[in-house]
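Quick one: sequence plus predicted model below, questions after.
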Amino acid sequence: MDWKKVLLIVLGVILLLIFAVGNAVYNGYNKAITLDEDVKSQWAQVENQLQRRFELIPNLVSTVKGVAGQEEKIFLGIAEARKAYFQSKSVSDKAVAAGGVESALSRLLVMSETYPELKSDESFLKLQDQLEGTENRLAVERQRYNDAVRELNTFTRKLLGRLYAGLAGVEKASYFEVSEAAKEPPKVRFGESSG
């Protein structure tokens, strides 16, 4: 009779271990999926703000062209930068292309120093304000995206996290890193005179 009790205890311990391991795998798998979805969700927010920026650009370009139509090189640079962004497939390629757009926009906005009549154009000033607000929101969303990437990448580098991520088919994500040129803020004073 004693061996039956021992057998029941051993079976109970084995079942408890199986349950504990299964529960850990289940939770780890779900955490990997959740972190991956957080990264995707945050990237969607970055793209929403980039889209808003891209919707403002044609209006800004049209306004500037009315005053400074001969600055064709700047307008072509903006068009090429936008095209590069929309042709990019990966997050890192899109980040580089977005940096190109920022650089081209900076050159466009600096033109207000060369053409004082732009500084007094109400539609140009409104577009600048909208663009500035969009850039601020974009900076916030980039930070949130990079925070989500850090959390996912940290999880996938941990011993069991790597196992769970592998089971879930989740890979490390790329940070949104801007190019060196885009890290420098444009030296533009919106609506202020240069004198």
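Noted; the coordinates are in hand.

Quick check: which ranges of this protein have low pLDDT?
1, 69-71, 178-195 (pLDDT under 70).

Quick one: the helices in it, in order.
Along the chain, the segments classed as helices by DSSP state H run 2-68, 72-87, 91-114, 116-119, 122-157, 159-168, 180-183.

for residue 140, what are its contacts?
With contact set as C-beta atoms under 8 Å, 6 or more residues apart in numbering, residue 140 has no partners. Just so you know, the C-beta spots here come from the backbone N, C-alpha and C atoms, and that holds for glycine as well.

Tell me how far it lies from residue 42.
Distance, residue 140 to residue 42, using C-beta to C-beta, to the nearest Å: 11 Å.

and what of residue 148?
With C-beta to C-beta as the criterion, residue 148 and residue 42 are 4 Å apart.

same thing with residue 78?
Residue 78 is 26 Å from residue 42, by C-beta to C-beta.

what sits up against stretch 47-60?
78, 82, 85, 94, 98, 101, 105, 108, 123-124, 127-128, 130-131, 134-135, 137-138, 141.

Okay, buried residues for that stretch please.
47, 49-50, 52-54, 56-57, 60 (16 or more other C-beta atoms under 10 Å).

Columns distance to residue 160 on top of these, output as JSON lines?
Compiled in JSON lines, the buried residues of stretch 47-60 are given as follows (distance: C-beta to C-beta, whole Å):
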{"residue": "47", "distance to residue 160": "32"}
{"residue": "49", "distance to residue 160": "35"}
{"residue": "50", "distance to residue 160": "35"}
{"residue": "52", "distance to residue 160": "40"}
{"residue": "53", "distance to residue 160": "40"}
{"residue": "54", "distance to residue 160": "41"}
{"residue": "56", "distance to residue 160": "46"}
{"residue": "57", "distance to residue 160": "46"}
{"residue": "60", "distance to residue 160": "50"}
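
neighbours around the residue nearest to residue 118 when sequence neighbours are not counted, how many?
Of all residues not flanking residue 118 in the chain, residue 112 sits nearest, at 4.4 Å (C-beta to C-beta, 6 or more residues apart in numbering). Burial of residue 112 is recorded as 25 neighbouring residues (other C-beta atoms under 10 Å).
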